[in-house]
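>>> Build me a model from this:
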Amino acid sequence: MGNMCLMTHAAPDSSVDPTYDVSTPLDLDYYGVFADVPDEDRRWWQGARDYAEGLEARMSRHWERGEYPVDLVADAGRRGLLTDGVEVDGVGLETMSPLAAGLVNMEMSRIDGSLATALAVQGGLALRTLAYFGSEEQKAQHLKKLATAETLGSFALTEPTHGSDSVSLETSARLVGDEESGHYVLNGAKKWIGNGASGGLTFTWARVSGGVHDGQVRCFMVDQQTRGYRAQVIEGKYSLRAIHQALIQYEDAEVPAAAVLPGATSFKDASKVLFATRLGVAWSAVGHAAAVVESALNYATQREQFGKKLGQFQQVQERLTWMVSELTSMQLHVRQAAERDMAGLLTGPQASMAKYHNTRKARAIAQTARDMLGGNGILLQNKVARHMADIEAVHTYEGTESVQSLIIGRDLTGFSAFA
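All right, here's what the predicted structure looks like:
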């Protein structure tokens, strides 16, 4: 009996197992990259911080349990934070600049990658698709509801067997009757679709058979209550666990001709949306990197080993210096890209360069920060592990590293190396 261990659910004695405050925002901006941000853009940035204040512990719990807090998405929508720079003045909402949109994305990612991805899906993809290609009637009916998250939206391009080669999509839309009063029958599958099982609208890219657009890729606004639309939340993810992504199957799903977005007539239109969101991913990487650097620096000033604070050791100072220098490089990339975007000068390959550079750097920074926190680095409460896992998804979506390098390489050499 003397070896029996008494189990307790009481909180551990902090003198035995100390906790560390790693979440204090440090606003690390070594070169003052954001020092001259205009007041209007800074107002949006502060609005994102006000929204996210106090949410980290809750998001960590949702992440661990694989829960999607749609109430927080709706709250962000009510605050106007989901519009991602899309033109929404026409529906009584404020349009933020590309710089403000990036800063909001960065701040949301600094708090939690799932929240930032919800922003990217709702505003960057779904809302942008409708704004770019929808009819005036479609926009009047749905644009504001998407912008405020009254209706959740999704963007369905990627398929189970077509990720990087999405131009080869197999989802079909067969025209029955004429293009004015007929309907389309959709068949196929989509995968990794954020909000795809939310009960809202899915902007579905499919190849048309029949009519004047035979063989072309078009976009269909599909109500998720449509018969033949089946969506299953993907389980078993170790990244972005606090947002639901779906595997969708279209089984003779019938949609009216009015569901077609008239402005979307080719795969190039889908690429136009992805080009616009690619820079947002680069901003998101900055937010993730800032979060893990903050954690590492806060931890280094609190954790003691060998009778000294970690921050007093030469090796730790060298690691912190490296991480901040890489973070600064990431900040410079997105600020310059945003300025070019606002001037109408940003090219697709330049947006690809920002994503290519920043997601690679974020991965390396997170790995160093995790190592610096030692065993405490794998605890969700210390932020780094969650961000490290989420960065893996950010590194992949909106075009993998390999795809970005081929886009940039084609621009540099004039030769296409796509298979």
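
>>> okay, and for the chain, where does confidence drop off?
1-15, 163-166, 419 (pLDDT under 70).

>>> who touches the residue most central in space within the chain in this structure?
A centroid search over the chain (Cα atoms, centre = their mean) returns T117, at 3.0 Å, as the residue closest to the centre. For T117, the contacting residues are 194, 240, 243, 284, 393, by Cβ atoms under 8 Å, 6 or more residues apart in numbering. Placement of C-beta: from N, CA and C, glycine included.

>>> Would you check how far apart it and L380 are?
Counting by Cβ to Cβ, to the nearest Å, the gap from T117 to L380 is 18 Å.

>>> coming back round to it: helix or strand: which one has the residue nearest to the centre of the chain?
helix 113-119 (DSSP states H and E).

>>> Tell me the helix or strand right after that helix.
Sequence order places helix 128-133 as the next helix or strand after helix 113-119, per DSSP H and E.

>>> Are there helices or strands packed against that following helix, and which ones?
Helices and strands touching helix 128-133, by 3 or more Cβ pairs under 8 Å, 6 or more residues apart in numbering; DSSP states H and E, are helix 136-147, strand 217-223, helix 267-300.

>>> ok so Y356 is a helix residue?
Yes: assignment of Y356 by DSSP: H, G, I helix; E, B strand; the rest coil places it within a helix.

>>> Helix or strand: which one has the residue nearest to it when sequence neighbours are not counted?
Nearest non-adjacent residue to Y356, counting by Cβ to Cβ, 6 or more residues apart in numbering: Q404, 4.0 Å away. Q404 belongs to helix 401-413 when assigned by DSSP H and E.

>>> the inter-axis angle of that helix versus helix 267-300?
On the basis of axes from the mean of the first three to the mean of the last three Cα atoms, to 10 degrees, helix 401-413 is oriented at 110 degrees to helix 267-300.

>>> all helices for the chain, in order.
39-52, 56-65, 70-78, 98-111, 113-119, 128-133, 136-147, 267-300, 314-342, 348-372, 384-396, 401-413 (DSSP state H).

>>> Adding distance to Y30, write those helices out as a markdown table.
Below are the helices of the chain laid out as a markdown table (distance: least, Cβ to Cβ, whole Å):
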| stretch | distance to Y30 |
| --- | --- |
| helix 39-52 | 18 |
| helix 56-65 | 24 |
| helix 70-78 | 29 |
| helix 98-111 | 16 |
| helix 113-119 | 23 |
| helix 128-133 | 33 |
| helix 136-147 | 35 |
| helix 267-300 | 11 |
| helix 314-342 | 5 |
| helix 348-372 | 14 |
| helix 384-396 | 20 |
| helix 401-413 | 26 |
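
>>> So for P18, which of the ones you listed sits nearest?
Closest to P18 of the helices of the chain, according to Cβ to Cβ: helix 267-300, at 11.1 Å.

>>> Can you spell out the domain ranges of this protein, please?
39-147, 153-265, 268-413 (automatic domain parsing).

>>> Can I get the helix holding T117 as CSV, trimmed to CA atoms?
C-alpha atoms of helix 113-119 as CSV (Å, rounded to 0.1, in the frame of the first residue of the first chain):
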residue,chain,number,x,y,z
GLY,A,113,-4.5,30.0,-37.6
SER,A,114,-8.0,28.5,-37.8
LEU,A,115,-9.6,32.0,-37.3
ALA,A,116,-7.3,33.4,-40.0
THR,A,117,-8.3,30.6,-42.3
ALA,A,118,-11.9,31.3,-41.7
LEU,A,119,-11.3,34.9,-42.8
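
>>> Show me how far that helix is from its chain's centre.
5 Å (Cα atoms, centre = their mean, to the nearest Å).

>>> what about the strands in the stretch 151-300 of the chain?
With strands called from DSSP state E, counting those that start in this stretch, the stretch 151-300 of the chain shows them at 153-156, 172-176, 183-194, 201-209, 217-223, 229-233, 245-256.

>>> Could you single out the most deeply buried of those strands?
Of all the strands of the stretch 151-300 of the chain, strand 153-156 has the most neighbours on average by mean count of other Cβ atoms under 10 Å, namely a mean of 28.

>>> Need the residues that contact stretch 319-336.
Under the criterion Cβ under 8 Å, 6+ apart, residues 28-31, 33-34, 99, 102, 106, 279, 282-283, 285-286, 289-290, 292-293, 296-297, 300, 311, 353-354, 357-358, 361-362, 364-365, 368-369, 372 lie in contact with stretch 319-336.

>>> switch the cut-off to 6 Å
For stretch 319-336, the surrounding residues in contact (Cβ atoms under 6 Å, 6 or more residues apart in numbering) are 30-31, 33, 102, 282-283, 286, 289, 293, 297, 354, 357-358, 361, 365, 368, 372.

>>> what does stretch 52-61 give?
By Cβ under 6 Å, 6+ apart, stretch 52-61 touches 23, 111-112, 242, 380.

>>> Take the residues you listed and lay them out in JSON lines including neighbour count.
Shown next, in JSON lines, are the contacts of stretch 52-61 (neighbours: other Cβ atoms under 10 Å):
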{"residue": "S23", "neighbour count": "18"}
{"residue": "I111", "neighbour count": "24"}
{"residue": "D112", "neighbour count": "30"}
{"residue": "A242", "neighbour count": "26"}
{"residue": "L380", "neighbour count": "15"}
